[in-house]
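1. Need a 3D model of the following:
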Amino acid sequence: MQQIDMNSDEFQAELEKTWTFVDKVNTQFGFVLNPNEEVNEGVAMGLARNKLLYGKRFCPCFMVIGETKEEQKTADNRICPCKPALEKELPEDGTCHCGIFCTPEFAAAQVQHEEIEEAVHAHSTGLTTEQAEILIKQEQLDGDELEALIEAKKLGMIHFTLVDTREHMEFQMGHIVGTDILIPTSQFYAKVEEIVGKKSENIIVDCHSGSRSYQVQHAMKGMGFENVCNLAPGIIGFSGETQRG
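-> Presented below is the predicted three-dimensional model:
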């Protein structure tokens, strides 16, 4: 296999042509670049490399099958912008498999997500109301995200019901400060009736490791609860305030 020197004039010239190609694709289809520049840079370099090696901008996220050009054509290798990306991935997911091409809506959502992650995990600033409302719609939350939402709830920015799904003994040994109700999985169908009037409200469920609460999350959705989030790592992954009793 021919080795490509990324610092060579040949590669740099092809990389410049690749960026021109990317711009043309975006203009033609109304796409935009991924907000993550590292993703774009990696994909562009892979496209340029494949163009030099194979004479085609084969998708760098998939192995190129075939030794000869005829074999490569017969193998139906993905050539950028590939058919699966244009017909399925971008319309359904908002981005292609490699991630360089995005719909404007997907890119905007990614920017919002990154801002939320920075606010949550850096602990430098609290969430805005808009960020809290976006975060509460996620299927799964980590410990830092729940901690940030509890803070936002205390400030009156958002409302949700925090449900502990462990057994009473476990709850007594320690639970998250701000827990609103205990609904043990062993008594789920009887106890969930206590919050049946909150089907249209925000619910967050937790347990020791996230597995029981995950099951409860899906059971509640099956009963018509519209927005149920799960603390994915469980209480063991929560570093915020807890209490006994």
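
2. Tell me the confidence at the closest residue to Thr74 other than its chain neighbours?
-> Sequence neighbours aside, Gly66 is the residue nearest to Thr74 in space, at 6.8 Å (criterion: Cβ to Cβ, 6 or more residues apart in numbering). Quick note: C-beta positions are derived from backbone N, CA and C, even for glycine. pLDDT recorded at Gly66 is 88.

3. for Gly42, same thing?
-> With respect to pLDDT, Gly42 scores 86.

4. need the contact list for it.
-> Listed by Cβ atoms under 8 Å, 6 or more residues apart in numbering, the contact set of Gly42 reads Pro60.

5. Chain neighbours aside, what residue packs nearest to Arg166?
-> Cys207 (5.1 Å).

6. For burial, what's the neighbour tally of the one you found?
-> 24 (other Cβ atoms under 10 Å).

7. who's in contact with it?
-> Counting by Cβ under 8 Å, 6+ apart, Cys207 has contacts Asp164, Thr165, Arg166, Thr185, Ser213, Val216, Leu231, Gly234, Ile235.

8. Pick the one among these closest to Thr242.
-> Ile235 (7.2 Å; Cβ to Cβ).

9. Show me how the protein divides into domains.
-> Per automatic domain parsing, the domain ranges recorded for the chain read 9-102, 127-243.

10. Just give the number of residues close to His168.
-> His168: 12 surrounding residues under other Cβ under 10 Å.

11. what's the answer for Phe238, then?
-> Per other Cβ under 10 Å, the neighbour tally for Phe238 reads 19.

12. And for Ala75?
-> Using other Cβ under 10 Å, Ala75 has 11 neighbouring residues.

13. And Lys191, by the same measure?
-> 16.

14. try Ile136
-> Using other Cβ under 10 Å: Ile136 sits among 21 other residues.

15. got the contact list for it?
-> By Cβ under 8 Å, 6+ apart, the contact set of Ile136 is Leu149, Ile158, Phe160, Asn202, Ile204, Asn227, Cys229.

16. Would you quantify the distance from the residue nearest to the third one when sequence neighbours are not counted to His168?
-> Excluding the flanking residues, the one nearest Phe160 by Cβ to Cβ, 6+ apart is Asn202, at 3.7 Å. With distances defined as Cβ to Cβ, to the nearest Å, the gap from Asn202 to His168 amounts to 25 Å.

17. what helix or strand is the closest residue to Ile116 other than its chain neighbours on?
-> Excluding the flanking residues, the one nearest Ile116 by Cβ to Cβ, 6+ apart is Gln131, at 4.7 Å. Using DSSP states H and E, Gln131 sits within helix 129-135.

18. C-alpha coordinates for that helix, CSV please?
-> Output of helix 129-135 as CSV, limited to C-alpha atoms (Å, rounded to 0.1, in the frame of the first residue of the first chain):
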residue,chain,number,x,y,z
THR,A,129,-33.8,27.8,31.7
GLU,A,130,-33.6,26.9,28.0
GLN,A,131,-30.7,24.5,28.6
ALA,A,132,-32.5,22.9,31.5
GLU,A,133,-35.6,22.4,29.4
ILE,A,134,-33.5,20.7,26.7
LEU,A,135,-31.6,18.5,29.1
